[in-house]
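**Q** mind looking at a prediction? Sequence and model below.
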Amino acid sequence: MDTDIGSRTVRKVTRRVLPLVALLYVFNYMDRSNISYAQLGMQRELAITTAVFGTASAIFFLAYVVFEVPSNMIMKKLGARVWLARIAISWGIVTAVTGFVRDVPQLYIARIVLGVAEAGLYPGLLLYLTLWFRGKERGRAIATLALAQPLAMILGSLTGGVILDHVHWFGLAGWRWVFILQGLPAVLIGVLVLVLLPSTPAQARFLSGEERKWLQGEIDKDYVPEQKETFLGQLRIMKDRRVLHLAVANFFAACGLYGFTFFLPQIVKQMDSSYSATNIGFLGVIPWVVGALGMLLVARNSDRTGERRGHVIAMMLLAAIGLFGAIQFRHTPVAALICLSLVAVGVLGYLAPYWALASRILSKEHTAVGLAAINSIAALGGFFGPYVIGKNATADNVTVGLYFPIGCLVVCAVMLAFLKASRGPRETPVSGSLDVDYLSGR
């Protein structure tokens, strides 16, 4: 009987919770990075240099980092449904409004406000998943969340270039419509979250009373009961050496990830100056498709072997090699795209095993602050990666700025090599939710 309840409940939760959570993160990641395609058109209209673009891309993360931990604390207090909906609606509005900026200062302000609006979403989603999935299923959910990143970039690449070239409604330039058309769906998703996504299993009307009771009991078994702490008490987790070690390592990984994400369209454009925005968008999809497939293979192999840290180290080194190759073959499209695909495999492949590793060091009471702390420190890499690349790149050679993220990726690999991480019997699988049956809705 328990087995029937368990399989039925998990199936219901998977079908109701995971699609909305993944949709949230797809549009969240796309909207923070759509400036990478919009800049192909705004360069002339706003007189944006490569350095200014790097700063505009990076400045988002300063506000994001400052408000990340408070956002997760507020979500824990107010409930996930209301707070996640607020985040989605506010970032969607800010993204759309960015399409009406008139100069560089206004662009900077818009990016800062976007950082405030989005702050806390990713660790908030990680926290939310811990409320719905047991340890043996949680890795599946984390893998689905990780898969949202390449899906976001594929969607953003396919639509960004086409909008730039073909959408000029009401006399507005194409780059403005990139922000408007990619921002408004987030508002609709926020409304859906408010209507359809319960905060906790106890509030899930799509589950029967028996199923709610079973699920809450199973989730509670995953954690050692602890004395409740105040918010200030929870903040002590930020002093934990394991948390800081993982956070700083992820900071260096993020320098490579976001530097690659924001400058990929310019790297592709540099391969052949005759490429249109649509060409750049379609070619920019290739690394993300390869990266998504690579991420699935890495996650499955990590599950098969039960090993996490080595997989993350290998992915960091692969990404560094790919970036170095992109510099060497910057004017050879086929070779450059192969190298960029290696980068995508590396910066995406590390995500699922990394978060599976990180989530095991935190107790239930410290999950909200711990995940936010790791992500906040790591998010600073989102500032330094694009900023330093923009400062070092030139108008005719963007790839010269890629030596900085190469160094950061190598540092991340070295740091993780010295991390003492045991491989326990309750290793969380990271690829389970990526099977055909789940993706097909069966």
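**A** That came through fine.

**Q** ok, residue 323 touching residue 402?
**A** Yes. The pair residue 323 / residue 402 is scored as a contact, 4.9 Å apart, by C-beta atoms under 8 Å. C-beta here means a position set from N, CA and C on the backbone, and glycine is covered the same way.

**Q** for residue 100, see how far away residue 266 is.
**A** 24 Å (C-beta to C-beta, to the nearest Å).

**Q** which of those two has more neighbours?
**A** Between residue 266 and residue 100, counting by other C-beta atoms under 10 Å, residue 266 is the more crowded of the two (22 against 12).

**Q** buried stuff in the helix or strand harbouring residue 409?
**A** Per DSSP states H and E, residue 409 falls inside helix 403-417. Under the neighbour-count criterion of 16 or more other C-beta atoms under 10 Å, helix 403-417 has 404, 405, 406, 408, 409, 410, 411, 412, 413, 415, 416 buried.

**Q** nearest to residue 123, of those residues?
**A** residue 412 (19.2 Å; C-beta to C-beta).

**Q** enumerate every residue touching residue 118.
**A** With contacts defined as C-beta atoms under 8 Å, 6 or more residues apart in numbering, residue 118 is in contact with 28, 31, 32, 60, 64, 87, 91.

**Q** low-confidence regions, the stretch 201-350 of the chain specifically.
**A** 222-239 (pLDDT under 70).

**Q** which residue ranges of it form strands?
**A** Counting by DSSP state E, counting those that start in this stretch, the stretch 201-350 of the chain has no strands to list.

**Q** and the helices in it, which stretches?
**A** 209-221, 231-234, 241-271, 277-305, 309-328, 333-349 (DSSP state H, counting those that start in this stretch).

**Q** the last one: which residues count as buried?
**A** Meaning helix 333-349. Buried, per 16+ other C-beta under 10 Å, within helix 333-349: 336-349.

**Q** now the element after it, going C-ward?
**A** With DSSP H and E, the next secondary element past helix 333-349 is helix 351-359.

**Q** so what secondary structure elements neighbour whichever helix or strand comes after that following helix?
**A** Note on helix 351-359: by DSSP H and E, the next helix or strand toward the C-terminus is helix 367-392. Applying 3 or more C-beta pairs under 8 Å, 6 or more residues apart in numbering; DSSP states H and E, we find helix 367-392 packed against helix 50-78, helix 121-130, helix 231-234, helix 241-271, helix 351-359, helix 403-417.

**Q** return the set of buried residues in the longest one.
**A** In other words, helix 241-271. Going by 16+ other C-beta under 10 Å, helix 241-271 has these buried residues: 242-243, 245-271.

**Q** angle of it against helix 50-78?
**A** 140 degrees (axes from the mean of the first three to the mean of the last three C-alpha atoms, to 10 degrees).

**Q** distance from the chain centre to helix 241-271, please.
**A** 11 Å (C-alpha atoms, centre = their mean, to the nearest Å).

**Q** what of the second one?
**A** Once both centres are worked out by C-alpha atoms, centre = their mean, helix 121-130 turns out to sit 12 Å from its chain's centre.

**Q** angle of the next helix or strand after that helix against helix 121-130?
**A** Next helix or strand after helix 121-130 toward the C-terminus (DSSP H and E): helix 135-166. Interaxial angle of helix 135-166 relative to helix 121-130 (the same axes, to 10 degrees): 150 degrees.

**Q** average pLDDT for helix 135-166?
**A** Mean per-residue pLDDT for helix 135-166: 83.

**Q** may I see the buried residues of the helix or strand containing residue 92?
**A** Per DSSP H and E: residue 92 is located in helix 80-98. Residues of helix 80-98 classed as buried: 80-81, 83-98 (neighbour count, 16+ other C-beta under 10 Å).

**Q** now for that helix, which elements pack on it?
**A** Using 3+ C-beta pairs under 8 Å, 6+ apart, helix 80-98 sits against helix 2-33, helix 50-78, helix 104-118, helix 121-130, helix 174-196.

**Q** can you tell me, leaving aside adjacent residues, what's nearest to residue 295?
**A** residue 348 (4.4 Å; C-beta to C-beta, 6 or more residues apart in numbering).

**Q** that should have said residue 9, apologies.
**A** In space, residue 9 is closest to residue 211, 4.4 Å off (C-beta to C-beta, 6+ apart).

**Q** ok, now residue 113?
**A** That would be residue 94: by C-beta to C-beta, 6+ apart, it lies 5.2 Å from residue 113.

**Q** distance of the residue nearest to residue 9 relative to residue 218?
**A** Relative to residue 218, and taking C-beta to C-beta, residue 211 is found at 11 Å.

**Q** then residue 20?
**A** 21 Å.

**Q** between those two, which has more neighbouring residues?
**A** residue 218 (20 against 15).

**Q** that one against residue 134, yeah?
**A** Yes. Look at residue 218 against residue 134 with C-beta under 8 Å: they come within range, at 5.3 Å.

**Q** so who does residue 390 touch?
**A** 50, 51, 52, 53, 54, 55, 57, 58, 401.

**Q** nearest spatial neighbour of it, chain-adjacent residues omitted?
**A** Nearest to residue 390 is residue 54, by C-beta to C-beta, 6+ apart, at 1.5 Å.

**Q** what about the one you found, how many residues nearby?
**A** The burial count for residue 54: 27, using other C-beta under 10 Å.

**Q** show me the contacts for the residue nearest to residue 57 when sequence neighbours are not counted.
**A** Among residues not flanking residue 57 along the chain, residue 386 sits closest, at 3.9 Å (C-beta to C-beta, 6+ apart). Residue 386 makes contact with 54, 57, 58, 258, 259, 262, 263 under the criterion C-beta under 8 Å, 6+ apart.

**Q** how much space separates residue 386 from residue 258?
**A** Counting by C-beta to C-beta, the gap from residue 386 to residue 258 is 6 Å.

**Q** from residue 263, how far off is the nearest residue to residue 35 once chain neighbours are set aside?
**A** Nearest-residue entry for residue 35: residue 57, 5.8 Å, with adjacent residues in sequence omitted and distances by C-beta to C-beta, 6+ apart. As judged by C-beta to C-beta, residue 57 and residue 263 stand 8 Å apart.
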